[in-house]
Structures are given as structure tokens and as C-alpha cells.
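Undergrad: Here is my input, please return the structure:
(one chain, ligands or ions: 1)
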Amino acid sequence: MPAHTVLDRQVLRRILLTGLDDVVHFGRHCVGYDEDGETVTARFADGGTAQGSVLVAADGVGSVIRAQRLPHAHVMDSQTRLIYGRVPLTPELRDALPPAMFSVFNSIVGQDRTFVGIAPVEYREPPTTAAARLAPEVALEPAEDTLAVMFGRRLDRLGRSDRELRAASGQQLREMVLEQLAGWHPLVTRIVEAWTPSSVYPIKVRSSVPIPPWPTSNVTLLGDAIHAMSPAAGAGANMALRDAAALATSLTEVAAGHPLLAAVDGYERAMADEGFRMVQFSAANGTQTLGADPLPS
Ligand SMILES: Cc1cc2nc3c(=O)[nH]c(=O)nc-3n(C[C@H](O)[C@H](O)[C@H](O)COP(=O)(O)OP(=O)(O)OC[C@H]3O[C@@H](n4cnc5c(N)ncnc54)[C@H](O)[C@@H]3O)c2cc1C
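TA: Numbers count the residues shown, from 1 in each chain. I've put the predicted structure just below:
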């Protein structure tokens, strides 16, 4: 049995979106909402609106809905940066990797808490073949096995500003990381050299600062919109999916006649307890591994 299961988020998104073409709308930027009794109206940048009995903020770490709903809930910059990229898992590279590096997330921590994470993304069956066999209605692009590779360091040790990181091409970011990895094991530098430049981009690592329970309304939240966390525990997307499942269960009970606010309140208490616990755990991991700034006490 593998030590953990690796999922490619693009493949998962395509599977989850199947059959929802007339429900999910892309390209509309939510700018805020208005509450009127039991109705919530979401406002969009194109001037349009959408009404319902519940609004769910699932708009990630920079959530505009959270900024309006819980303006005292802050997101902090951990002062660490990641450079992320993909490496094709060619037969030559596969032969060069020790077998122990497969089916795990490999963390390599060097001096000054410089970090390299290497995660093999291997499909047990090509996704297109699996879809044809299990769910022909799911349209997937062919996908190759890769290594997801991330380099991490404190911003003040990178010697580059955020502006410089954002302006750099994938190739320039790769050169910068190779400079920082001078003297590292040749297998690690070989892997970074193989980064596909178009897949390389910088990430500012941010974390929600936990807040006490809040009075429930019909505007609720899930995932990074309320409990964004350092990726140092690999838990954020898992928590977002868990929230979504729990909220769906609560709202199904409402459809069966349970009071709405009681159902949302029950969901929010459990979600915040567990979500903020993982925020603390992930932040502590980030401090230990990368020297990230700790959460305020
Ligand atoms: C380098 C890295 C590695 C990670 N690895 C892991 C891992 O191994 N395991 C794990 O569980 N988690 C991992 N995570 C965390 C994970 O990516 C997040 O926790 C997860 O994506 C959160 O999901 P979400 O749906 O809440 O938010 P998001 O994925 O951020 O989705 C929010 C969506 O809302 C949209 N949006 C934003 N604002 C608006 C607006 N105003 N109007 C309309 N739409 C809007 C965005 O375009 C986006 O599509 C990692 C994160 C990073 C940075």
C-alpha cells in the first residue's frame, strides 16, 4: 500500500465538474454581497447578481466575502516563499531515483532551513483509460507522470524581492534556485535542472490567523477563505474538501426541514475547530522546516 495517495488537482477538478456545466459559471468576479432577511445577493464585477438563501465563501485566501463577513479575520505573510515546478518523470530519471522516494513526499532540509520538496505524481492507470472504463462522461486530457518539486526559503535569505520573483520567467527562477542550491547533492540539482520552465512560479506562503467563534448568519465560509494554512502539512485542500462535504450534509438536512441557521452554526463550529487546529499545526511545521514566522500568540 502507498504511504499516501497523490492526486493531481486538475484531474480531480475535471472529475468534480462533470455534469455541472449549467451550474458552475466561470469568469465572474464576486465583489461583495447584500443581506435582506432570508435572502443573500452576491454582487459581481460585471454588474450582475445572484440570489439565494445561503452564500458560501469558497473564494480562497484572498476572499472578498470573508473581508466583508468577518473583517477582523486576518491573513499573515509567513515571510517564506516557495518556487514550484514540474519535472517530467522520464525513464532515465525514474532509474536515477532511489525506490524509497516513490509514494511519499520527500522533504530535504539544508542549511539555513533551505527546503526542497519532491513529490512523485504517478498514475496507477492513465486517467483517460480509467475514465473510459469507469465514467465515460468524464472528459480528461492525457496526463504524464511527473515530479512536483518545490524549493522554499525565507524571503530575507532569498536575496530577491516579491516584485523580482513575480517578474522573473520560469527559466530565471530555475537559475536562481540552482544558484541557491550550489553544493547540494547532484540528484537534487539534476531534478531542479529538469524543471519545465513554463510550470515554474513563485508562491507567497500565507496563513489565516485563527479567530474565536462568530455569530452565524446565512453567509458562511469554507476552505482557504477561512482557514488558509502553510502547505507545510499538505492539508489545506483536504480540509477544504472536508468542509465542502460537511456543509453539503448540513444543507441536505435543511432541505429535509431542519432550521437553516442551526445547521450552518453546527457546521461552522466543527469546521473552525478542526480548520484552525490544522492552521496551528501547519504553521508550527512551517516554522520548524522553513523558519517561517510563527502565528501571533
Ligand atoms: C505549494 C502548495 C502546495 C500545496 N500542497 C497541498 C497538499 O499537498 N495537500 C493539500 O491538502 N493542500 C495543499 N495545498 C493547499 C491547497 O492548495 C489549498 O488549501 C486549497 O487549494 C484551498 O482550496 P479552496 O477551494 O478553499 O481555495 P482555492 O483553491 O484558492 O480556490 C478559490 C477559488 O475561488 C476563485 N476566486 C477567488 N476570488 C474570487 C472572487 N472574488 N470571485 C469569484 N471567484 C473567486 C479562485 O479563482 C479560485 O478558483 C498546497 C498549497 C500550496 C500553495
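Undergrad: residues near residue 276, how many?
TA: Using other CB atoms under 10 Å, residue 276 has 19 other residues around it. Backbone N, C-alpha and C define where each C-beta goes, glycine included.
Undergrad: cool, residue 166 as well?
TA: For residue 166, using other CB under 10 Å, the count is 11.
Undergrad: With residue 169 instead?
TA: Residue 169, neighbours per other CB under 10 Å, totals 11.
Undergrad: list the contacts for the nearest residue to it once chain neighbours are set aside?
TA: Spatial nearest neighbour of residue 169, chain neighbours left out: residue 197 (6.8 Å); criterion: CB to CB, 6 or more residues apart in numbering. Neighbour list for residue 197: 85, 169-171, 174 [criterion: CB atoms under 8 Å, 6 or more residues apart in numbering].
Undergrad: how does it look with 7 Å?
TA: 169-171, 174 (CB atoms under 7 Å, 6 or more residues apart in numbering).
Undergrad: I'd say residue 105 and residue 115 touch.
TA: No: Residue 105 lies out of contact with residue 115 (CB atoms under 7 Å); the separation is 11.7 Å.
Undergrad: Which one's more surrounded, these two?
TA: residue 115 (21 against 15).
Undergrad: Look up the residues forming beta bridges with that one.
TA: Beta-bridge pairing of residue 115 under DSSP bridges involves residue 109, residue 152.
Undergrad: Counting by contacts, list what the longest strand along the chain packs against.
TA: Counting residues, the longest strand found in the chain (DSSP state E) is strand 75-88. Counting contacts by 3 or more CB pairs under 7 Å, 6 or more residues apart in numbering; DSSP states H and E, strand 75-88 packs against strand 146-154, helix 155-158, helix 170-180, strand 201-208, helix 260-290.
Undergrad: Which strands border it, and is each parallel or antiparallel?
TA: strand 146-154 (antiparallel), strand 201-208 (antiparallel).
Undergrad: Make JSON lines out of these and add distance to the ligand, mean pLDDT and mean neighbour count.
TA: Converted to JSON lines, these look like this (distance: least, CB to the nearest ligand atom, whole Å; pLDDT from 0 to 100; neighbours: other CB atoms under 10 Å):
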{"stretch": "strand 146-154", "distance to the ligand": "6", "mean pLDDT": "97", "mean neighbour count": "22"}
{"stretch": "strand 201-208", "distance to the ligand": "5", "mean pLDDT": "98", "mean neighbour count": "19"}
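Undergrad: how about the strands in the stretch 1-150 of the chain?
TA: For the stretch 1-150 of the chain, applying DSSP state E, counting those that start in this stretch gives strands covering 30-36, 39-44, 49-52, 55-57, 75-88, 106-109, 115-121, 146-154.
Undergrad: Could you dump these into CSV and include distance to residue 136?
TA: As requested, the strands of the stretch 1-150 of the chain are exported to CSV (distance: least, CB to CB, whole Å):
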stretch, distance to residue 136
strand 30-36, 34
strand 39-44, 34
strand 49-52, 32
strand 55-57, 31
strand 75-88, 28
strand 106-109, 36
strand 115-121, 24
strand 146-154, 25
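Undergrad: Nearest residue to the residue of the stretch 51-200 of the chain found nearest the ligand in space, please, no chain neighbours.
TA: In the stretch 51-200 of the chain, the residue that lies nearest the ligand is residue 60 (2.8 Å; CB to the nearest ligand atom). Excluding the flanking residues, the one nearest residue 60 by CB to CB, 6+ apart is residue 224, at 4.7 Å.
Undergrad: Show me which of the helices and strands packed on strand 75-88 has the highest average neighbour count.
TA: strand 146-154 (a mean of 22; mean count of other CB atoms under 10 Å).
Undergrad: Now do that one against strand 115-121, angle only.
TA: 160 degrees (axes from the mean of the first three to the mean of the last three CA atoms, to 10 degrees).
Undergrad: can you state the direction angle for strand 146-154 and helix 170-180?
TA: Using the same axes, to 10 degrees: strand 146-154 against helix 170-180 is 60 degrees.
Undergrad: What lies in contact with strand 146-154?
TA: So strand 146-154 is contacted by 79-89, 114-121, 177, 180, 191-192, 195, 290-291 (CB under 7 Å, 6+ apart).
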